[in-house]
Structures are given as C-alpha cells and as structure tokens.
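Asks: predicted structure and sequence below. I'll ask about it afterward.
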Amino acid sequence: MSPAARRGLLILATGFIALAGMLIIGLMLRDGRKGESIATPAISSVGGPFQLVDQTGRAVTEETFRGKWLLVFFGFTYCPDVCPTTLSDVALALNRLGPLADRVQPVFVSVDTGRDTPEVLAQYTGAFSSRILGLTGTAEQVATAANMYRVFYRRVDQGDTYTMDHSTLLYVMGPDTKFVTRINPQGGPERLAERLRELVSRS
Ligand code: NI
C-alpha cells in the first residue's frame, strides 16, 4: 500500500470512529432525556397545601379531607373520553367496596376553570356518583394544586373552542393527608376496587 493510500485509509477510519462516537453519545443523550421525562417524582414531594372550592361553593383545603382516604383525579367536564370513563370506574369501584367506601373520598379537580363552575361540576359528578366531589377554583388555585400533585395539563385550542390535555392518574392520599400511591385507572373498576380495599383495610 502506498503511503498516500495508507493515509487515506487512516483518515477514513478516523472518520468512522468519530461518527460512531457521536452516534453513541447521541443515543445516550436521547435515552437520558427519555428517562427524565418518565421519571417519577419522589413520593414525599407529591401533594401538599391547596385551596379550592367544592361543587357547593364551600372553600376546601387538604385539611378538609383529613381522616379520609382521598382519591384525587384531575380533568374537566367537557372531556370526551378519559374523564367520564375514569369517573364511572371510580363509581363502580366504590360500589364494590361496600361499607369501606365510606372511608374514601374521591375528588375530581377541574383543570378547566373557564367552563367548570361549581354548578357545572355538581351536575357532572352527580351523574356518576353522589360520592364524588367536584373541586375547582381560580386558574391560579388550580395551577397550584396541580403543581402540588405534579400534574400536567394544558389548554389546546380547537377552532373557536378548546380542549384540555391532562394527566390521567389517580392519586391516593392517606387519612394523614400524605401521599400514598398513584393508580392508573386504565386497569378498570375491579382492579381499582382491589387496590383501594388493600389500602383502606390498612388503617
Ligand atoms: Ni379527561
């Protein structure tokens, strides 16, 4: 091999190694970011003080529900699918719990303060179960509560109307108002009832 050819080969090989290196670093960075976005916050950092208004117009805080197992869900009454399904599953799960259901207080916190007045919420939650309590507040109060629960939501404009993107997990707070666990409601009412029975039977 001529020196020129050898030098050419060397440049080519170096180029390949550099390219492979960049590719690996790129993949690592992407994985890192992916890991970050699904990382769950530390358990102790979920929940905390909030000030909202319930569907009867009464001011409530996290202390209002002390002594009960609080089941917190964020959504909005115009939601086409996830919210009605979840609320209906919560209602079914509570029925399955029998008398234990008295120790659970489900609250539906609206992230759509523009449309979900206490009156609208009362009518909506009542259609699923008289046990579910709708909560709302000023945009700022709801933002604070969502932030406490590390809940994401966002308004999405659709022509002359809008919808809301929102997290769909159920948050369980113990009778001491401290965060206990999150439940993915997509497991259905039976699984939800099972999980709640397990938790409530503890205290
Ligand atoms: Ni929804």
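Replies: On my side now, so go ahead. As the structure is a computational prediction, the values presented were derived from the model and not from experiment.
Asks: only C-alpha atoms from now on, for both contacts and neighbour counts.
Replies: OK.
Asks: quick one, strands of this protein?
Replies: 51-54, 59-61, 69-75, 104-110, 133-136, 153-158, 161-166, 170-173, 179-183 (DSSP state E).
Asks: quickly run through the sheet partners of the third one, with directions.
Replies: Take DSSP bridges as the rule and strand 69-75 pairs in its sheet with strand 104-110 (parallel), strand 170-173 (antiparallel).
Asks: list of residues touching the last one?
Replies: Just to be clear, that refers to strand 170-173. Contacts to strand 170-173, defined as C-alpha atoms under 8 Å, 6 or more residues apart in numbering, come from residues 47, 69-73, 149, 179-185.
Asks: what does the longest one give?
Replies: Under the contact criterion C-alpha under 8 Å, 6+ apart, strand 104-110 has outside partners 65, 68-77, 90, 116, 125, 131-136, 142, 200.
Asks: and the residues you listed, which are buried?
Replies: 65, 68-77, 90, 116, 125, 131-136, 142, 200 (16 or more other C-alpha atoms under 10 Å).
Asks: if we can go back for a sec, in TSV: the contacts of strand 170-173, plus distance to Thr163.
Replies: Shown next, in TSV, are these (distance: C-alpha to C-alpha, whole Å):
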residue	distance to Thr163
Gly47	25
Trp69	30
Leu70	27
Leu71	24
Val72	21
Phe73	17
Tyr149	21
Phe179	29
Val180	30
Thr181	28
Arg182	24
Ile183	24
Asn184	22
Pro185	21
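Asks: could you dump those residues to JSON lines with pLDDT?
Replies: JSON lines is the format used below for the contacts of strand 170-173 (pLDDT from 0 to 100):
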{"residue": "Gly47", "pLDDT": "90"}
{"residue": "Trp69", "pLDDT": "98"}
{"residue": "Leu70", "pLDDT": "97"}
{"residue": "Leu71", "pLDDT": "98"}
{"residue": "Val72", "pLDDT": "97"}
{"residue": "Phe73", "pLDDT": "97"}
{"residue": "Tyr149", "pLDDT": "94"}
{"residue": "Phe179", "pLDDT": "96"}
{"residue": "Val180", "pLDDT": "95"}
{"residue": "Thr181", "pLDDT": "95"}
{"residue": "Arg182", "pLDDT": "94"}
{"residue": "Ile183", "pLDDT": "95"}
{"residue": "Asn184", "pLDDT": "94"}
{"residue": "Pro185", "pLDDT": "92"}
